[in-house]
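>>> turn this into a structure:
(chains A and B)
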Protein chains: 2
Amino acid sequence: MSHSAIQARRVEELRHRLHAVQLDALIVTFLPHVRYLTGFTGSNGVCVVTADECWFVTDGRYADQVRKEVTTARILIAKGGLFEKIAQRAILKKAKRIGVQSQHLSIAAFANLKRHLPGKRWHHGRQWVEEAMMVKDRSEIDQIRRAAEITDKVFTKLLSIIKPGVCERDVAAEISYWHRRYGADADAFEPIVASGSRGAYPHAHASLKKIKKGELVTIDLGCRVNGYHSDMTRTVAVGKPSTRAERMYDAVREAQARAIEAIQSGVQAKDADAIARESLKRTGFAKHFTHSLGHGIGLQVHEPPRLSALSNETLRAGMVVTVEPGVYISGFGGVRIEDDVLIRNGCGEPLNRSSKELIVV
Amino acid sequence: MSHSAIQARRVEELRHRLHAVQLDALIVTFLPHVRYLTGFTGSNGVCVVTADECWFVTDGRYADQVRKEVTTARILIAKGGLFEKIAQRAILKKAKRIGVQSQHLSIAAFANLKRHLPGKRWHHGRQWVEEAMMVKDRSEIDQIRRAAEITDKVFTKLLSIIKPGVCERDVAAEISYWHRRYGADADAFEPIVASGSRGAYPHAHASLKKIKKGELVTIDLGCRVNGYHSDMTRTVAVGKPSTRAERMYDAVREAQARAIEAIQSGVQAKDADAIARESLKRTGFAKHFTHSLGHGIGLQVHEPPRLSALSNETLRAGMVVTVEPGVYISGFGGVRIEDDVLIRNGCGEPLNRSSKELIVV
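Here you go, the predicted model:
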């Protein structure tokens, strides 16, 4: 199916959702959602879906680009604000009940919107586009798979780069470099490279600290291919690890394997989180697992469903989620192992192929 | 002055601003503002400033990191939501009139906040922290200067890399690599590398297109040093440029020089924009200058003041702004030249040193 046909189908599916809750229109302000519906890759744009039309509004910087990217929506180029343009063109003249994306619209922008479109009934929600995006079609899965493959290649490359004396930031430089050289658009996020005791920070950015012999190094990296992301973590040992480090590693590896075994279509996202936590409880590390098990991935690095104790989602075939248990011990260090996993009927399929044995470099 | 002393002074200055508009407290939700006030570099945190206290709330992932970074605020680690924690600890018990950052708080988050803190009077604004941040102190200017220096070094490196047959994305890979190797934390943004007719897209991301002889290549790059950013653009010619390309280049260079000459403390931001536009009018290119002249830069890549026809700001000593006129001709290509300029009394000082002659590689 062509991009245009896919986008047209997405807009049509969204219309059904809006119709079901008696909304006359939705103003889509969250850029990953705008991209999902229209193909627009820029940094300023709003999509308006009504019962029989789909409009896209951007500014003059994108006048040229947008005509190539957006083929299934009517395009408007705003000289002033985008909401002002929507009002001027009277796109929403007939719409009475209008949905806005309450998670992705600031109070100030909403006040501005209401000023330009008085007399409407506004409905706040987040779910209308989000729910559709959680389940990926074949072409989306192909992009994520490609991103995961590139990240695997980069990780293999890193094994010859990580050694005592190299600083964390130089490892990050290689990640960004090789992601693009191997065909990605860019990194999905700033790579995390956390060695030794810095491994106790789950989100430590790569610092100028030099990697030392005997340390564990946690590397969290991902890339973007045609808008779709990968997100993988491995922890490697530089020289022979301590017994304590090995025990931590084995515990996390076991917890990740248990969770991946369990996830498939029909499983509750919170149960996947509980399975990993239970596994870490058996080895005494559960209290050091200070975040949730994972998150959906696609046009966003982090998107629904969350795999957490607080999640109400049920996993469905076609979702892609990260599975990333970790153990963080203040003053000592940390271990995290993360794969992107495609949910299928009857099983989960990890899209990453990098080894999960404890690699000693 | 130590980081702690600087942050304490910033909080104190903010209290004066809040007091002046009779606010009892401000809930700071925008992360660059949170960093400015507390030093926190993570991805989830809220700062609450009251008449006599300063609190910082984050989640368990940052429990370890936050104790190193945040020294002048009282720290809370939330198990559930951050607003819930603020309510539980009754931090705002005595506050009646509370400010929120209307540009940086979603409708959904605000609804959640109001649910947790009933009976308050809410005041929406954006200016309280923003205004203070526009004028940089010496240590902030030093960081931006350092970032600009690194970007200059990377640009020099690129001159031996850009040649016919190299694809745009490989140039971007080198930018990301060398920014970190020369000491930056990371890129400030995804580098733009736009060759030939792609130069007509002001925000073209680096593609797989190969650079060809006779083309102009616009490179927009920047890096981050201790949270502070640089942002520079140069357009180079690959082999001898056409007469039309040379004319475009000279026109943009002239417009940028006129604008930089004019900006100093006391000048209206909109007048700076007008000066560049007037200059391009004289050479007939004004209608192809489709964006505003520039923006403030600091802890954010784009921050106030805007240098645009719509801006109400007056330039003041200590502001750092980009000056970046551009000309974009659909089907032909584009030229943009951009420096980070420190506003001083009596003159503007460009922080970039890369040549603005048309370089032919």
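
>>> around chain B, pick out the residues from the stretch 101-250 of chain A.
Within the stretch 101-250 of chain A, the residues that sit near chain B (Cβ under 8 Å from any Cβ of the partner chain) are A:102-111, A:124, A:126, A:169-170, A:172-174, A:176-181, A:185-187, A:190, A:200-206. C-beta: built from backbone N, CA, C; applies to glycine.

>>> among those, which are located in helices?
Assignment to helices by DSSP state H places the following of those there: A:107-111, A:169-170, A:172-174, A:176-181.

>>> in these, which residue is surrounded by the most others?
A:His179 (29 neighbours; other Cβ atoms under 10 Å in any protein chain shown).

>>> residues in contact with the residue nearest to it when sequence neighbours are not counted?
The spatially closest residue to A:His179, leaving aside those adjacent along the chain, is A:Cys223, at 4.2 Å (Cβ to Cβ, 6 or more residues apart in numbering or on different chains). Contacts for A:Cys223 were tallied using Cβ atoms under 8 Å, 6 or more residues apart in numbering or on different chains; they are A:Ala147, A:Ile150, A:Thr151, A:Val154, A:His179, A:Ala184, A:Asp185, A:Ala186, A:Asp187, A:Ala188, A:His229, A:Ser230.

>>> and with 7 Å instead?
For A:Cys223, the contact set (Cβ atoms under 7 Å, 6 or more residues apart in numbering or on different chains) comprises A:Ala147, A:Ile150, A:Thr151, A:His179, A:Ala184, A:Ala186, A:Asp187, A:Ala188, A:Ser230.

>>> nearest to chain B among these?
When these are compared for distance to chain B (Cβ to the nearest Cβ), A:Ala186 wins out at 5.2 Å.

>>> in terms of contact, does that closest one touch B:Phe189 like I think?
No: checked against Cβ atoms under 7 Å, the pair A:Ala186 and B:Phe189 is beyond contact range at 10.1 Å.

>>> the two: which is more packed in?
A:Ala186 (20 against 17).

>>> tell me how far the residue lying closest to A:Val267 once chain neighbours are set aside lies from A:Tyr36.
Spatial nearest neighbour of A:Val267, chain neighbours left out: A:Leu315 (4.9 Å); criterion: Cβ to Cβ, 6+ apart. Separation of A:Leu315 from A:Tyr36 (Cβ to Cβ, to the nearest Å): 20 Å.

>>> in JSON lines, list the contacts of A:Cys223 along with pLDDT.
Converted to JSON lines, the contacts of A:Cys223 look like this (pLDDT from 0 to 100):
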{"residue": "A:Ala147", "pLDDT": "98"}
{"residue": "A:Ile150", "pLDDT": "98"}
{"residue": "A:Thr151", "pLDDT": "98"}
{"residue": "A:His179", "pLDDT": "98"}
{"residue": "A:Ala184", "pLDDT": "97"}
{"residue": "A:Ala186", "pLDDT": "97"}
{"residue": "A:Asp187", "pLDDT": "98"}
{"residue": "A:Ala188", "pLDDT": "98"}
{"residue": "A:Ser230", "pLDDT": "98"}
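
>>> check which helix or strand covers A:Val57.
Using DSSP states H and E, the element containing A:Val57 is strand A:54-59.

>>> could you do A:Arg35 as well?
Using DSSP H and E, A:Arg35 falls in helix A:31-38.

>>> that helix and chain B, any residue contact?
No: figure legend: helix A:31-38 not in contact with chain B (Cβ under 7 Å from any Cβ of the partner chain); closest approach 12.8 Å.

>>> centre of the chain to the helix or strand just after that helix, how far?
Sequence-wise, the next helix or strand downstream of helix A:31-38 (DSSP H and E) is strand A:45-50. Relative to its chain's centre, strand A:45-50 lies at 23 Å (Cα atoms, centre = their mean, to the nearest Å).

>>> sorry, back to before: quick one: is the strand holding A:Val57 near chain B?
No: Strand A:54-59 lies apart from chain B when judged by Cβ under 7 Å from any Cβ; the minimum separation is 8.1 Å.
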